[in-house]
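Asker: please find the sequence and the predicted model below.
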Amino acid sequence: MASTKNETEHVRLSSRLWLGGADCMITTLCNIMTGGGLTFFFVKYFGMDPGWSASCWLIFGIWNAVNDPLFGYISDKTKSRLGRRIPYIRYGSLMIAAVFVLSWVIWFGTGSNAQMFAQMLISLFLFDTLYTAIATSIYVMPFEMATTNEARGKILLVKVIFGLAALSVPLVLLAELENILNRSLQQFQLIMTVIGLFAGAVIFVSSFFYKEKSYLQKDEQYPFFQSLVTCFRNKSFLIFEIISFSITFIQTALMIGLSYYFASEGISYLWCYLAMFLGILTGIVLWMKLGAGWGVKKSVTIMCAIFGAGLWLMLILGHYTAAGVAGFFCTGIGFSGGMYLIPLMNGDVIDYDEHLSGLRREGMYAGVNSFICKPAISIANALFPVMLLWFGYDSAIATADQTSLAKFGIRFSWLFLPAFLLTVCFICIRAFYPLAGEKWAEIKNGLAVRHDERQKAFERQAAEHAD
């Protein structure tokens, strides 16, 4: 977005493709597990009490809050032949595939809520531990691989394109979840096994096709608590976290309510999904072409406005097909912005920290970001079934046969908080985010030059050592 002198920075296409593929696979697994799949599997299919499910997600949220900053710090300090991030991607891929596959196999039987609660909690605990190690490392790789927003944007564009698959597989699967499970539990488990094993294989192989900037391992990091506190002294990071938390909550909440919405309103998901993917394509063109001139701040502001307008429209008029299709189109624009613009915004926040501290602390920032944002996943999963009860939703009755109040309650429980949060984000980014304008462009330019100099110095030292 902001131009620098270092416009020739280049990342190989193969590196971009494989990183995008790995990001697609880990996101797909997460969207299925935490985007409503596991909750639906136990609550709707096996009859687990929604209160037990909500308790499970809230307890799990505590672990979510603890592991991310710690892992980010460990990642920043890791020194290995492979780099700071790649070891976690390569070897974590094998373990997370196994955990994902086993999460859909009943361990203790389904005779009681306590048994289902135990498996759900253990599955979430194991999955998230591995997901943190892998996803955090993949998330910060564009910032390791490139300095300029031009080069990072090319990496993120590939991730957005691959992200269409990360959206489409869970969207279709979650929309058809009830039908698949009603036909055959074994068929559902086979589908999950194939997805898990394929995802693990892609993530593993991808780690051989991209590299980090080796000189960054030489930086001596702050002690843990100083590193943690320093993040919160970065004003731009605080504004970013409002946006990031909201987008995380919104993406999770929207995935959870899909199957309920289509079943209750009798609207074909094919038209809505087509509109959404057209919205994603429109968003990609919008952010890549016009966004380069607008800058990150203005682009995120416009994204929040379009995304929020679409959700408010669906909340009020979503029982009409036309409104649903229009809302999904706006949602597609918002999803593309979340995948492309939010990482660029995060990269700027990390760059500003380097400008202040002289250190590259991608892992710590990613960890603190997850520390703040991952509870949004648990909150979204816990709130939706509870909010449904406020409107008299009866899980023993088919969704299409619910009362009119319960059907409105599905839309309200699904869309109100996401629409409200996007309104808050619009105000915050427009009024308070500081990283924009000529002064910020000069700072970015200085960082790009500094990275070039450090890379050349590192290469000279390596050549002298080899001689």
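Answerer: Ah, there it is.

Asker: CA only for contacts and neighbour counts going forward, please
Answerer: Will do.

Asker: who are the packing partners of the biggest helix by length in the chain?
Answerer: Taking DSSP state H as the criterion, the chain has its longest helix at helix 321-357. Judged by 3 or more CA pairs under 8 Å, 6 or more residues apart in numbering; DSSP states H and E, helix 321-357 is in contact with helix 149-175, helix 235-265, helix 269-285, helix 296-317, helix 438-466.

Asker: can you list the low-confidence ranges for the stretch 201-350 of the chain?
Answerer: Scanning the stretch 201-350 of the chain for pLDDT under 70 picks out the ranges 214-219.

Asker: tally of neighbours for the nearest residue to S336 once chain neighbours are set aside?
Answerer: Leaving aside its chain neighbours, S336 sits nearest to I280 (5.2 Å; criterion: CA to CA, 6 or more residues apart in numbering). Other residues near I280 come to 27 when the count uses other CA atoms under 10 Å.

Asker: next up, the contacts around I280.
Answerer: Under the criterion of CA atoms under 8 Å, 6 or more residues apart in numbering, the neighbours of I280 are 329, 332-336.

Asker: what two of these are the furthest from one another?
Answerer: F329 and S336 (11.0 Å; CA to CA).

Asker: buried ones in whatever helix or strand S227 lives in, by neighbour count?
Answerer: Take DSSP states H and E as the rule and S227 turns out to sit in helix 224-232. By 16 or more other CA atoms under 10 Å, the buried positions in helix 224-232 come out as 227-228, 231.

Asker: other SSEs contacting that helix?
Answerer: Secondary-structure packing of helix 224-232 (3+ CA pairs under 8 Å, 6+ apart): helix 362-390.

Asker: quick check: angle from the helix it packs on to helix 321-357?
Answerer: Relative orientation of helix 362-390 versus helix 321-357 (axes from the mean of the first three to the mean of the last three CA atoms, to 10 degrees): 150 degrees.

Asker: so helix 362-390 versus helix 235-265, what angle?
Answerer: Using the same axes, to 10 degrees, the inter-axis angle of helix 362-390 relative to helix 235-265 is 30 degrees.

Asker: flag every buried residue along helix 362-390.
Answerer: Those would be 362-382, 384-389, for helix 362-390 by 16+ other CA under 10 Å.

Asker: now stretch 306-325
Answerer: Buried residues in stretch 306-325 (16+ other CA under 10 Å): 306-315, 318-319, 321, 323-325.

Asker: SS state for the closest residue to Y393 other than its chain neighbours?
Answerer: The shortest distance from Y393 to any non-neighbouring residue, by CA to CA, 6+ apart, is to A406 (5.1 Å). Under DSSP: H, G, I helix; E, B strand; the rest coil, A406 falls in the helix class.

Asker: quick check: A406 vs G318, distance?
Answerer: 14 Å (CA to CA, to the nearest Å).
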